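S.K.: structure, please.
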Amino acid sequence: MEQLLQKAGVLIEALPYIQRFHGKIIVVKYGGSAMIDDKLKKEVIQDVTLLKLVGFKPIIVHGGGKEISSWVDRLGMKSEFVNGLRVTDAPTMEIAEMVLNKVNKSLVQLVEELGVRAIGISGKDGGLISVKKKLSEGQDIGFVGEVEKVNPSIIFDLLENDFLPIICPVGMDENFETYNVNADDAACAIAKAVKAEKLAFLTDIEGVYRDPNDSSSLISELTLREANELLEGGTVGGGMLPKLNNCIDAILNGVSRVHILDGRIPHCLLLEIFTNKGIGTAIIGDQDMKFYNHEEK
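M.R.: Next up is the predicted model:
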């Protein structure tokens, strides 16, 4: 009986969040270890499918960097990175697009198996993602795109028709050349374009730390002001630096809340969205209420 009551308590705790976010758009950037571990992959898809079934409007934007590297190595080519960005010549771009489309359709299949209709698209479909060539500190790194514009009409059409959109980060420039786009950048741009209620990044770390060398310094919630102060303090580096900048950019452009979550934790999305304390780090506007000061998350 005690276990049953605990389960009931969990459902009751989730109720206000289901009510609050019913009909709202939530963009999930799916990447990291959760993409290559079959058990974690299934759990992430279960989470997103549940969000859909309780009335949310989720959108998945996925990466595929590790699988691209695996295929590049398998074909006897060499992966090269400059400042964390993959150098993408024409043959590498061909491999990247092939792999990303393969990943895309495998995710569609997993969602469909759970009884939810999904459609996989790339940023090339319907002119969704328009890009220009991205340089890395002035250096040409090939077919790597910087998002210039997002045309969300195809996403709104899919949501209106009760589909779950699954998007791979490939776009085209003004000459219709194909470019690989960083999945974090694509997710941020898409979230801004659809005015998402939430943007969640699944990563391989717990969240944002006040001190990167101290795991106990995890920050549960950051206002925009606090996030900017953290960046100015110089303690944020590596892959977290562009991610946190994306979070700030999203909030400034209409996204209500952004979450950085550890995708290695089973059902991290449900724990963050449906429980009072949540996990990971939430970035919120300066005027928003913090959970620890109010009964709000």
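S.K.: distance of Val28 relative to Leu222?
M.R.: With distances taken as Cβ to Cβ, to the nearest Å, Val28 is found 20 Å from Leu222. C-betas here are computed from N, CA, C, even on glycine.
S.K.: give me phi/psi at Phe56?
M.R.: Here is the backbone geometry of Phe56 (degrees, to the nearest 10): phi -80, psi 170.
S.K.: please renumber so the chain begins at 325
M.R.: OK, 325 is where the count begins now, so the last one is Phe380.
S.K.: how far does the lengthiest helix in the chain sit from its chain's centre?
M.R.: What stands out as the longest helix in the chain, according to DSSP state H, is helix 414-437. Here the centre of helix 414-437 is set off from its chain's centre by 16 Å, with Cα atoms, centre = their mean, to the nearest Å.
S.K.: list the strands paired with the helix or strand following it, with their directions.
M.R.: From helix 414-437 onward toward the C-terminus, using DSSP states H and E, the following helix or strand is strand 442-446. In the sheet, strand 442-446 lines up against strand 488-492 (parallel) (DSSP bridges).
S.K.: state the mean pLDDT of the longest helix of the chain.
M.R.: Helix 414-437 comes out with an average pLDDT of 94.
S.K.: please apply the same query to stretch 560-568.
M.R.: On average, stretch 560-568 scores 78.
S.K.: gap between the two ends of it?
M.R.: Terminal residues of stretch 560-568 lie 9 Å apart, using Cα to Cα, to the nearest Å.
S.K.: next, the buried residues of it.
M.R.: Val560, Met564, Pro566, Lys567, Leu568 (16 or more other Cβ atoms under 10 Å).
S.K.: need those residues in TSV with distance to Phe525, can you?
M.R.: Shown next, in TSV, are the buried residues of stretch 560-568 (distance: Cβ to Cβ, whole Å):
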residue	distance to Phe525
Val560	14
Met564	10
Pro566	11
Lys567	6
Leu568	10
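S.K.: great, nothing more from me.
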